[in-house]
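[1] Whatever this is, show me its structure:
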Amino acid sequence: MSKSDNPLAPDQRIALTLEYDGAGYCGWQRQLSPSQASIQQEVECALARIADHRVKVICAGRTDAGVHATSQVLHFDCAIDRGRKAWVTGCNSLLPPSIRILDARTMAPDFHARFSATARRYNYIIQRRETAPAILAQRVLHIRRELDVTAMHRAAQALLGEQDFSAFRASGCQAKTPFRNVTSVRVISLGSYVVIDVQANAFLQHMVRNIVGSLLAIGDGSRPTAWIADLLAGKDRTRAAVTAAPGGLYLTQVTYPDQTGLAPAYIPPGFIEALA
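    Next comes the predicted model:
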């Protein structure tokens, strides 16, 4: 019997799709101090109880403090594959309500949640109304001013293609190169909400939130539509707008080659309206 035919073979690689509300967490990454709650720490503790040994997970994209996900993907290696029900239902019974595993699959040994991914997609949700939200207080960016969504969308098209995103890169970003390939970007109006929907092969630290901050300056008329293109050409983060707050940002999709069998559900921009 080959290792692939034996359900008890060591080093089974498991991939999970999960969603989480990032409010109240210091971000995805486990911190040195256990008092700082992270998504990774909560997930690893739950998985370890099911696996009956220590588990280390690797995710498709590390989200910052306060950032949410509807389709994060991770992988880990386990001595025994406990089966989908244990990984999903069992782990969810051990996790806080703000974190939920949606699916579990046994993968090929060379699958990697981060390096096998071909694209990531983020939505940033803005709510325009006079009164700040109560229920969505940490889940959208509230603004009172009007926004020219058409101008924002037009300006955002300068982001398309593979180029240097130094102007939208956090000072502490540890990526080896500032080049990223943005394949799709839209700014959409949905009633009182504005959704910025962007997909790329990968993202720099704070890249989406820095882009959002500058698009908002265009939307309120304080900067011209050509400003995004000018910022990209200048490659100077200090010339761009402030970083948008984390609460409006959602990791909504991670794309993999078809042969992996992973197909995380994409949550379209309109999902936020169902919560209002």
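[2] what are the phi and psi values for Ala233?
    phi -70, psi -40 (degrees, to the nearest 10).
[3] now do Arg100
    The phi/psi pair for Arg100 (degrees, to the nearest 10) is phi -140, psi 130.
[4] what's the neighbour count on it?
    Using other Cβ atoms under 10 Å, Arg100 has 15 other residues around it. C-beta: built from backbone N, CA, C; applies to glycine.
[5] now swap in Asp148 and tell me
    15.
[6] which secondary structure elements does the lowest-mean-pLDDT helix or strand in the chain contact?
    Within the chain, no helix or strand scores below helix 84-85, which has a mean of 90 by mean pLDDT, DSSP states H and E. Helix 84-85 sits against strand 99-107, with contacts defined as 3 or more Cβ pairs under 8 Å, 6 or more residues apart in numbering; DSSP states H and E.
[7] State the mean pLDDT of the strand it packs on.
    Across strand 99-107, pLDDT averages out at 93.
[8] Check stretch 185-193 too.
    The model assigns stretch 185-193 a mean pLDDT of 92.
[9] ditto for stretch 68-83
    92.
[10] picking up where we left off before, ok, and what's touching the least confident helix or strand of the chain?
    With contact meaning Cβ atoms under 8 Å, 6 or more residues apart in numbering, helix 84-85 is reached by 103-105.
[11] Would you state the strands of the stretch 1-150 of the chain in chain order?
    Secondary structure of the stretch 1-150 of the chain (DSSP state E, counting those that start in this stretch): strands at 12-20, 58-59, 68-78, 99-107, 119-128, 141-143.
[12] Same list (the ones you listed) but as CSV, adding distance to Ile39.
    Shown next, in CSV, are the strands of the stretch 1-150 of the chain (distance: least, Cβ to Cβ, whole Å):
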stretch, distance to Ile39
strand 12-20, 5
strand 58-59, 8
strand 68-78, 8
strand 99-107, 6
strand 119-128, 16
strand 141-143, 21
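[13] Relative to Gln157, which of those strands is closest?
    strand 119-128 (16.4 Å; Cβ to Cβ).
[14] strand partners of that closest one, parallel vs antiparallel please.
    strand 141-143 (parallel), strand 193-200 (antiparallel), strand 249-255 (antiparallel) (DSSP bridges).
[15] Okay, angle between it and strand 68-78 too, please.
    150 degrees (axes from the mean of the first three to the mean of the last three Cα atoms, to 10 degrees).
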